[in-house]
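S.K.: Task: produce atomic coordinates for the following.
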Amino acid sequence: MPDTEPESTYQVRTLVAPSGERLLWVTDSTGSYHLGINAFYLWRLRRGGASVNTLRIKLLALCRFHEWLDANGIDLDERTLAATFLSPDEVDALREHLRTNRTRPRQAVPSARTQRLLRAAGAGNPIPRRPEPRPHVNANRWRSNCTAVRDYVVWAADKAIHRIQAGDADDAARYVAATERRERFIEAMSSDFPEPAASGRQGLDDAELGCLLALVDPRSERNPFEPAQRVRNHTVLRILLETGLRIGELLGLKGGDLRLEGPEPYIMVHRRADDPEDPRKDQPLAKTEAHPKPVTRELASLLVQWVGTERRLYPGAKRTPFVFLSRKGGPISNDAVEDMFRILRAAEPALPAGLSAHVLRHTANDRFSAAADQAGWRDNVEQQVRNLVMGWKKHSATAEIYTARHTRRKANEITLRLQGLGSGEDAR
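M.R.: Model prediction:
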């Protein structure tokens with residue numbers, strides 16, 4: 001669940017067109033269309049093919065930039081026309097401003113139905129206290145904010161620089177000086193960022209995994225979900241655990257994506273930006289390109305049971321192509337999946353406090369690593385196969401983020417083996 005931006009004098013607004021396209025635009029303190037930011041969005045940002053969520057983050061950074069300009073009495077148009085841009089001290093102050101965390105952690109208030117389930121599961125207060133905000137955004141977001149502002153200013157600056165007419169020596173000197181100031185601004189806004197800190201998130205260990213599977217079994221007396229939702233929730237959790245799908249990929253699945261017949265069943269993951277069939281304003285999106293996800297026969301059977309029997313009982317099931325539905329018959333939301341994990345954490349203290357869909361993604365990658373070790377794959381073969389299955393680029397190093405537990409286990413085994421060799425013991 002995303003954090004929320006505080007009220008601002010500049011706002012990023014969203015319109016869902018009849019075609020399904022999500023259109024963004026920015027208004028200023030008077031509610032008027034902001035010409036500069038919106039022109040940059042239309043002519044530069046949208047052409048890059050980024051997702052709506054990524055574009056929104058960039059626009060929020062530009063809103064913060066203009067708020068900083070207003071607070072400091074800086075006229076950007078005047079500065080760019082004069083090709084003076086920002087002074088070194090102003091750049092330092094701007095970077096610090098873009099680093100400050102202005103988002104308020106969203107207080108997740110569950111529905112009345114979820115609150116009742118949480119109380120039944122043993123949660124003392126089903127409405128958690130709002131977390132304290134961090135003073136700074138993380139390194140990736142800081143870099144993203146600075147990069148968005150840098151590109152925006154350079155886009156405006158280039159137009160001003162190109163207006164300098166080639167003429168006498170004074171014009172040439174102005175052109176050179178403006179170009180040098182532009183390059184210094186780019187350098188100042190592009191350097192000295194800390195390396196992103198490791199998230200520390202790990203997959204479930206064997207005991208936690210066994211505990212989770214026993215708890216979500218629809219036949220279990222300890223299953224904390226309502227009987228009508230148990231098969232759905234069990235199927236959702238098994239898919240996340242066994243395939244490592246992201247939430248956006250799971251929530252975007254349609255019936256035609258399930259290829260469950262034959263000896264090699266699989267799920268087809270598609271990236272469907274601006275899908276006209278998706279009524280959700282914040283459309284869940286896949287981050288990767290289209291790719292197949294092999295599934296076991298057991299998981300295929302669970303999906304057949306869900307789609308062929310249980311799903312039909314939901315109101316309006318025939319009117320939507322999405323695989324997983326809410327109680328009211330529309331496609332299930334990200335909040336609903338987060339509620340599942342909130343209820344599971346309350347029902348079973350042995351599960352990690354941070355249990356989430358992303359933890360199950362880490363778990364799936366740990367299991368993949370263990371299977372690759374058993375098969376005796378070389379590291380480069382394992383990486384290529386994993387990248388193919390996960391939909392990552394051929395030479396992506398993303399796997400390093402998701403295999404912390406398995407890597408640590410292998411490191412421990414090697415360390416103990418070396419210690420055993422040093423002492424004359426067989427440490428195998």
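S.K.: next structured bit after the longest helix that the chain contains?
M.R.: The residue-count maximum for a helix in the chain (DSSP state H) belongs to helix 139-162. Where DSSP states H and E defines the elements, the next helix or strand beyond helix 139-162 is helix 169-190.
S.K.: Would you mark the buried spots in that next one?
M.R.: Going by neighbour count (16 or more other C-beta atoms under 10 Å), the buried part of helix 169-190 is Arg174, Tyr175, Ala178, Arg181, Arg182, Phe185, Ala188, Met189. C-beta: built from backbone N, CA, C; applies to glycine.
S.K.: Point out where this protein drops to low pLDDT.
M.R.: Within the chain, the stretches with pLDDT under 70 are 1-8, 103-134, 165-169, 196-201, 392-428.
S.K.: Got the domain ranges for it?
M.R.: 11-101+136-190, 206-360, 367-423 (automatic domain parsing).
S.K.: if we can go back for a sec, out of the buried residues of helix 169-190, the closest to Asp373 would be?
M.R.: Met189 (44.1 Å; C-beta to C-beta).
S.K.: these two touch, right, the closest one and Asn145?
M.R.: No. Using C-beta atoms under 8 Å, Met189 is not in contact with Asn145, being 9.8 Å away.
S.K.: Moving C-terminal from the strand or helix carrying Leu15, which element do we reach first?
M.R.: According to DSSP H and E, Leu15 maps onto strand 11-16. Tracing the chain past strand 11-16, the next element assigned as helix or strand by DSSP H and E is strand 22-27.
S.K.: can you pull out the strands in the protein?
M.R.: 11-16, 22-27, 258-259, 266-269, 291-294 (DSSP state E).
S.K.: I'd like those strands written out as CSV, with mean neighbour count added.
M.R.: Shown next, in CSV, are the strands of the chain (neighbours: other C-beta atoms under 10 Å):
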stretch, mean neighbour count
strand 11-16, 14
strand 22-27, 18
strand 258-259, 18
strand 266-269, 19
strand 291-294, 18
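S.K.: so which of these gets nearest Asp77?
M.R.: Per C-beta to C-beta, nearest to Asp77 of those: strand 22-27, 16.0 Å.
S.K.: Contacts for the closest one, please.
M.R.: 10-17, 33-34, 37-38, 41, 52, 55-56, 59, 62-63, 273-274, 283 (C-beta atoms under 8 Å, 6 or more residues apart in numbering).
S.K.: What's the ChimeraX line that selects buried ones from these?
M.R.: ChimeraX command restricting these to the buried ones, with burial defined by 16+ other C-beta under 10 Å:
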select :10,11,12,16,34,37,38,41,52,55,56,59,62,63,273,274,283
